[in-house]
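> Sequence and predicted model, in that order:
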Amino acid sequence: MLKKITIALSAVALAALAACGEGGSGGAAAGDDGTITIGFAQVGAESGWRTANTKSIQEAAEAAGIELKFSDAQQRQENQIRAIRSYVQQRVDVIAFSPVVETGWDTVLLEAKRANIPVILTDRAVDSDDTSLYETFLGSDFVEEGRKAGEWLVENATGPQKVVELQGTTGAAPAIDRKEGFEEVIASRPDIEIVASQTGDFTRSGGKQVMEAFLRSTPDIDVVYAHNDDMGLGAIEAIKAAGKVPGKDIKIITVDAVKAGMEALAAGEINFIVECNPLLGEQLMELAKKVVAGEEVPERVVTEETTFTQEEAKAALPDRQY
Ligand code: GYE
């Protein structure tokens with residue numbers, strides 16, 4: 001017990017010392033030698049996209065000479081909140097994170113704000129009325145990605161379509177928005193109907209399990225709309241196990257365009273992929289440097305991305321980095 005108190009006290013003393021070290025100026029300030037420290041709270045390692053995103057951030061930090069403290073929340077909000085609190089305590093220069101879900105961040109972000117530590121949202125958005133809680137949001141337009149998926153289906157569906165949807169993590173921005181954009185576009189076609197929709201948590205095993213259940217409960221599925229490649233790849237396994245041909249008997253549309261997804265697209269097992277670019281590292285480091293230097297940053301930085309047909313995947317695969 002006594003030991004615990006001593007540790008707690010020394011943590012407080014250290015925090016106080018660190019605060020003094022800043023000369024009482026408050027605000028973001030790089031270390032004495034000018035090195036910037038970023039605390040990054042990652043979602044987890046749920047998908048190929050996430051692995052590529054983590055690598056991009058780690059490599060970009062190294063190239064920019066930025067010290068990166070990195071944590072993996074294993075897709076749990078409480079772990080991410082804990083990581084952010086510890087970055088506040090360690091008085092990093094910038095906190096960046098990719099919120100696992102959209103809501104429930106105000107308290108911890110207010111703690112960062114009170115400690116004068118700027119926050120950069122990366123990849124996923126938060127749903128908060130208080131936009132002063134973060135400096136900027138760098139990432140994709142997920143609603144637009146959902147629209148692109150819907151547009152391909154609307155253009156390529158000659159007759160009625162029964163669609164099953166594999167949603168991303170419940171409450172996550174990309175799951176909410178990709179659903180919204182897709183539904184918005186297919187609304188123009190009453191003969192295209194989402195007959196079942198469930199979360200596969202953005203994982204291959206989740207996609208496989210949910211697809212197995214859909215195949216048992218829903219006859220004559222025409223299309224799978226998976227919110228990421230990994231779930232689409234899981235669905236392919238389930239479709240094959242049920243004796244059907246993915247890409248032919250059941251069409252598959254996914255989002256991300258990671259290498260494994262692109263390979264399945266080129267092989268004809270997926271029909272269309274909407275790209276979501278995970279290579280956010282360099283832009284994040286640039287934004288962090290600007291924020292620390294007190295320069296203006298745009299409140300929203302949208303990632304540029306494209307789409308891939310089977311033919312386009314074949315052409316792009318040789319140069320695909322991730
Ligand atoms: O599409 C998915 C990952 O937030 C954009 O998260 C990201 C999504 C990505 O698990 O594969």
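That came through, no problem.
> Write out the residues of the stretch 151-300 of the chain neighbouring the ligand.
Residues of the stretch 151-300 of the chain found near the ligand (Cβ under 6 Å from any ligand atom) are 174, 202, 228, 230, 255-256, 276. Where C-beta positions appear, they are placed from N, C-alpha and C, glycine not excepted.
> change it to 5 Å
174, 202, 228, 256, 276 (Cβ under 5 Å from any ligand atom).
> out of these, what pair is the most spread apart?
Using Cβ to Cβ, the two most remote members of those are 202 and 276, lying 11.4 Å apart.
> what do the two both touch?
residue 228 (Cβ atoms under 8 Å, 6 or more residues apart in numbering).
> So which of the residues of the stretch 151-300 of the chain next to the ligand are in strands?
Those of those mapping onto strands are residue 256, per DSSP state E.
> Tabulate the residues of the stretch 151-300 of the chain next to the ligand (TSV), appending neighbour count.
Below are those laid out as TSV (neighbours: other Cβ atoms under 10 Å):
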residue	neighbour count
174	27
202	28
228	34
256	31
276	25
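> Can you add distance to residue 113 and give the residues of the stretch 151-300 of the chain next to the ligand back as TSV?
Output for these, formatted as TSV (distance: Cβ to Cβ, whole Å):
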residue	distance to residue 113
174	25
202	29
228	32
256	33
276	29
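> Could you list which of the residues of the stretch 151-300 of the chain next to the ligand belong to helices?
Per DSSP state H, helices hold the following members of these: residue 174.
> Pick the one among the residues of the stretch 151-300 of the chain next to the ligand closest to residue 127.
Distance to residue 127 across these (Cβ to Cβ) is lowest for residue 174, with 12.9 Å.
> On the pLDDT front, check that closest one for me.
In this model, residue 174 is scored at 98, pLDDT.
> Kindly report the same for the one 10 residues further on.
In this prediction, residue 184 carries a pLDDT score of 98.
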